[in-house]
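Novice: Give me coordinates for this.
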Amino acid sequence: MALPLRILVPLIVACALFMENLDATVLSTALPAIGRELHESPIQLKLALASYLLALAVFIPASGWFADRFGARIIFRLAILIFALGSIFCGFATSIHMLVAARALQGIGGAMMMPVGRLVILRSVPRSEFVDALAWLTIPALIGPMVGPPVGGLITTYFSWRWIFWINIPVAVLGLVLATLFIPEIVEEDPPPFDLIGFILSGVGLSALVWASATMEGNALPVWAACALFAIGFVGVALYAMHAARTPNPILDLRLFRLPTFKAGVIGGSFFRIGVGAIPLLWPLLLQLGFGLSPLQSGLMTFVGAVGAMLMKFTASPVLRQLGFRRVLVINAIATAILAVAPASFTITTPHLWILTVFFIGGFFRSLQFTCINAISVAEVEQPEMSQATTLTSVFQQLSLSLGITIAAFILQSSMALRGSQTLATGDFLPAFIVIGVISLLSYFSFASLPPNAGEELAGRKRVASAAVAVANGRS
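Specialist: Residues are numbered from 1 along each chain as shown. Okay, here's the model as predicted:
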């Protein structure tokens with residue numbers, strides 16, 4: 001029996017995004033081994049690998065226009081192909097310069113894969129099925145960071161680090177074949193001209209912000225240099241905002257913020273993702289350095305969160321149909337913030353069953369929140385603006401996830417500095433978990449501003465309400 005498009009298309013896109021998310025987290029585990037073979041220090045290597053993030057920041061804004069101009073299916077397949085080629089070159093890298101160039105090529109593919117993949121879904125399934133489709137898409141975003149560290153440790157220990165990149169190839173080939181066979185082609189009839197000035201301004205601003213975040217995370221640059229990069233980034237973004245206000249068809253259409261649901265989804269979602277972005281850094285460090293677990297043991301424990309995320313897939317639609325977007329987002333904002341802080345209470349004597357329970361429940365509620373945010377952000381967006389909406393949300397997602405890691409790393413380093421120590425202790429994690437929990441809780445105010453009936457069509461509540469009215473009229 002053939003799968004319906006609302007399931008098949010998201011699964012195809014999800015496989016490609018899983019490949020990308022897994023690759024990013026697997027790599028962090030293998031950095032010491034790569035550094036030894038290429039005769040580079042881990043700090044230099046980490047700065048070099050940030051070229052991937054820079055490519056994302058520069059090319060994500062252009063992805064929507066390319067999808068409109070050449071077709072979402074073509075660009076999505078091209079993104080997979082570019083990412084696969086970059087993976088091959090990374091695996092054959094013999095110097096840091098070759099690895100930098102190959103990672104940048106991967107970043108160009110990844111920049112198109114994220115927003116265009118989401119666009120393919122939103123243009124392939126009916127609006128009433130967005131929630132189910134986006135629920136499938138949420139899972140790889142949560143599973144990738146969870147399974148990345150143990151997979152990276154396994155490959156690096158028993159094979160060569162080069163296989164971290166080469167394992168992408170069969171996934172990419174499968175994605176290309178399935179996308180060609182099953183994803184429909186949808187092309188905008190009259191796309192606007194390319195906004196070159198906006199592309200340059202957004203590229204300079206966003207890449208400077210991402211680069212500043214990446215360097216602050218590892219103390220790779222002096223504080224003054226990182227602050228200078230942040231200043232350049234903010235100036236570039238401000239100049240772009242002025243340019244976008246005067247341009248009929250900007251590369252990133254900030255006028256979408258006129259839509260209450262889009263505004264709440266992007267701004268509230270950014271606060272939420274800052275907290276989520278810190279988890280792949282804090283959880284493994286707490287379990288390994290704080291509690292003395294091995295990378296494999298740590299990875300198996302954190303993977304429970306991914307199990308909770310997968311379970312959410314079967315409950316998102318019924319929950320939203322019963323409660324509506326506003327109520328779910330508001331309640332979930334509080335629940336996910338509490339669950340983000342909960343690991344601060346863990347000690348070396350905390351039963352593993354309790355830790356697993358917190359990780360499992362946290363994975364469920366974070367996945368539900370991801371799905372709701374992704375859906376509510378496009379609740380009022382019409383099809384002609386869908387490419388702009390997916391591109392703009394992808395930019396904010398990338399920035400907030402990067403910022404989450406930066407904030408968590410900065411707090412850990414500051415706590416160590418206050419103690420006058422160069423090694424992490426369990427107590428250093430307490431302020432980090434509290435801060436990311438508070439930041440995540442700030443999303444509550446954005447979601448509370450939504451009207452009670454926000455996203456009714458997506459939640460299926462209009463149909464439920466109509467049926468109830470019909471039944472009442474029949475009885476009268």
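Novice: what residues does stretch 62-72 touch?
Specialist: 75-76, 79, 111-112, 114-116, 119-120, 123, 183, 185-188, 191-192, 194-195, 199, 251, 387-388, 390-391, 394 (CB atoms under 8 Å, 6 or more residues apart in numbering). C-betas here are computed from N, CA, C, even on glycine.
Novice: just the buried members of those?
Specialist: Burial by neighbour count, judged by 16 or more other CB atoms under 10 Å, picks out 75-76, 79, 111-112, 114-116, 119-120, 123, 183, 186, 188, 191, 195, 199, 251, 387-388, 390-391, 394 from those.
Novice: In strands only, show me those.
Specialist: Per DSSP state E, strands hold no members of these.
Novice: mind listing which of those residues are in helices?
Specialist: 75-76, 79, 111-112, 114-116, 119-120, 123, 199, 387-388, 390-391, 394 (DSSP state H).
Novice: show me where the stretch 201-350 of the chain has strands.
Specialist: Read by DSSP state E, counting those that start in this stretch, the stretch 201-350 of the chain holds no strands at all.
Novice: Low-confidence regions, it specifically.
Specialist: 216-221, 295-296 (pLDDT under 70).
Novice: For the one helix or strand D68 maps to, what is the distance to the chain centroid?
Specialist: Assigned by DSSP states H and E, D68 belongs to helix 51-70. Distance of helix 51-70 from the chain centroid (CA atoms, centre = their mean, to the nearest Å) equals 15 Å.
Novice: same question, stretch 63-73
Specialist: Per CA atoms, centre = their mean, the centroid offset for stretch 63-73 relative to its chain is 21 Å.
Novice: ok, now stretch 356-366?
Specialist: Relative to its chain's centre, stretch 356-366 lies at 18 Å (CA atoms, centre = their mean).
Novice: got the buried residues for it?
Specialist: L356, V358, F359, F360, I361, G362, G363, F364, F365, R366.
Novice: got it, and stretch 238-251?
Specialist: Applying 16+ other CB under 10 Å to stretch 238-251 flags L239, Y240, H243, A244, P250, I251 as buried.
Novice: Of those residues, just say which sits nearest to I436.
Specialist: Comparing those against I436 with CB to CB places Y240 closest, at 28.1 Å.
Novice: Count the residues that sit near the closest residue to the closest one other than its chain neighbours.
Specialist: Nearest residue to Y240, sequence neighbours excluded (CB to CB, 6 or more residues apart in numbering): L201, at 4.0 Å. By the criterion of other CB atoms under 10 Å, L201 has 25 neighbours.
Novice: tell me the contacts of L201?
Specialist: G236, L239, Y240, H243 are the contacts of L201 under CB under 8 Å, 6+ apart.
Novice: Look at T350 and say how many residues are nearby.
Specialist: Neighbours of T350 using other CB under 10 Å come to 13.
Novice: next one: phi and psi at it?
Specialist: Main-chain torsions, T350, degrees, to the nearest 10: phi -60, psi 130.
Novice: For it, give its distance to V435.
Specialist: 21 Å (CB to CB, to the nearest Å).
Novice: same check, this time on G308
Specialist: Counting by CB to CB - G308 and V435 are separated by 24 Å.
Novice: Equivalent analysis for L368, please.
Specialist: The value you get for L368 to V435, if CB to CB is used, is 23 Å.
Novice: Let me know the helix or strand that the residue lying closest to S213 once chain neighbours are set aside is in.
Specialist: Distance criterion CB to CB, 6+ apart; nearest residue to S213, sequence neighbours excluded, is T406 at 4.2 Å. Using DSSP H and E, T406 sits in helix 386-419.
Novice: Give me the buried positions along that helix.
Specialist: 386-413, 415.
Novice: What is the subsequent helix or strand relative to it?
Specialist: From helix 386-419, the next helix or strand downstream (DSSP H and E) is helix 429-441.
Novice: elements contacting that following helix?
Specialist: On a contact count with 3 or more CB pairs under 8 Å, 6 or more residues apart in numbering; DSSP states H and E, helix 429-441 meets helix 260-285, helix 325-341, helix 386-419.
Novice: what's the angle between the longest one and helix 429-441?
Specialist: It refers to helix 386-419. Between the axes of helix 386-419 and helix 429-441, defined by axes from the mean of the first three to the mean of the last three CA atoms, to 10 degrees, the angle is 150 degrees.
Novice: what's helix 386-419 packed up against?
Specialist: Going by 3+ CB pairs under 8 Å, 6+ apart, helix 386-419 lies up against helix 51-70, helix 96-124, helix 196-217, helix 260-285, helix 429-441.
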